[in-house]
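Chemist: next comes the sequence, and after it the predicted model I'd like to discuss.
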Amino acid sequence: MSAYEEVRKLLDDTRALENAIELNANALADLLERNLRHVSGYRLARLKVKLRGFNSNTRTWKTP
């Protein structure tokens, strides 16, 4: 297999993995919610920054 084909396969595999994660995001969030106390402070801070864009009252993401 050529280097081009190997890179192409890696990209295709990455896209397939991202699609699987998107399809299972709610299940992953449920698992994470039950175990938040085991997550590092660094990662929790990053999550908190991401969630600033989410309005919990309307349950929608704020437009940029």
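Modeler: Now that the structure is in, tell me what you want to look at.

Chemist: please enumerate the helices of the chain.
Modeler: Per DSSP state H, the chain carries helices over the ranges 3-23, 25-34, 41-51.

Chemist: can you list the ones you listed in TSV and add mean neighbour count and distance to P64?
Modeler: Just so you know, the C-beta spots here come from the backbone N, C-alpha and C atoms, and that holds for glycine as well. Formatted as TSV, the helices of the chain follow (neighbours: other Cβ atoms under 10 Å; distance: least, Cβ to Cβ, whole Å):
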stretch	mean neighbour count	distance to P64
helix 3-23	10	20
helix 25-34	10	20
helix 41-51	10	13
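
Chemist: tabulate the ones you listed (a markdown table), appending distance to T58.
Modeler: Shown next, in a markdown table, are the helices of the chain (distance: least, Cβ to Cβ, whole Å):
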| stretch | distance to T58 |
| --- | --- |
| helix 3-23 | 22 |
| helix 25-34 | 18 |
| helix 41-51 | 14 |
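
Chemist: quick one: closest of the ones you listed to R59.
Modeler: Nearest to R59, of all the helices of the chain, is helix 41-51, at 12.2 Å by Cβ to Cβ.

Chemist: and that closest one, what does it pack onto?
Modeler: Applying 3 or more Cβ pairs under 8 Å, 6 or more residues apart in numbering; DSSP states H and E, we find helix 41-51 packed against no helix or strand.

Chemist: in PDB, list the C-alpha atoms belonging to stretch 35-45.
Modeler: Included here for stretch 35-45 are C-alpha records, laid out as PDB according to Å, rounded to 0.1, in the frame of the first residue of the first chain:
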ATOM      1  CA  ASN A  35     -18.400   9.900  36.700                       C
ATOM      2  CA  LEU A  36     -17.600  13.600  36.600                       C
ATOM      3  CA  ARG A  37     -15.800  13.400  39.900                       C
ATOM      4  CA  HIS A  38     -13.100  11.300  38.300                       C
ATOM      5  CA  VAL A  39     -12.400  13.800  35.500                       C
ATOM      6  CA  SER A  40      -9.400  16.100  35.900                       C
ATOM      7  CA  GLY A  41      -9.900  19.700  36.700                       C
ATOM      8  CA  TYR A  42      -8.200  20.700  33.500                       C
ATOM      9  CA  ARG A  43     -10.700  18.700  31.400                       C
ATOM     10  CA  LEU A  44     -13.700  20.000  33.500                       C
ATOM     11  CA  ALA A  45     -12.600  23.600  32.900                       C
END
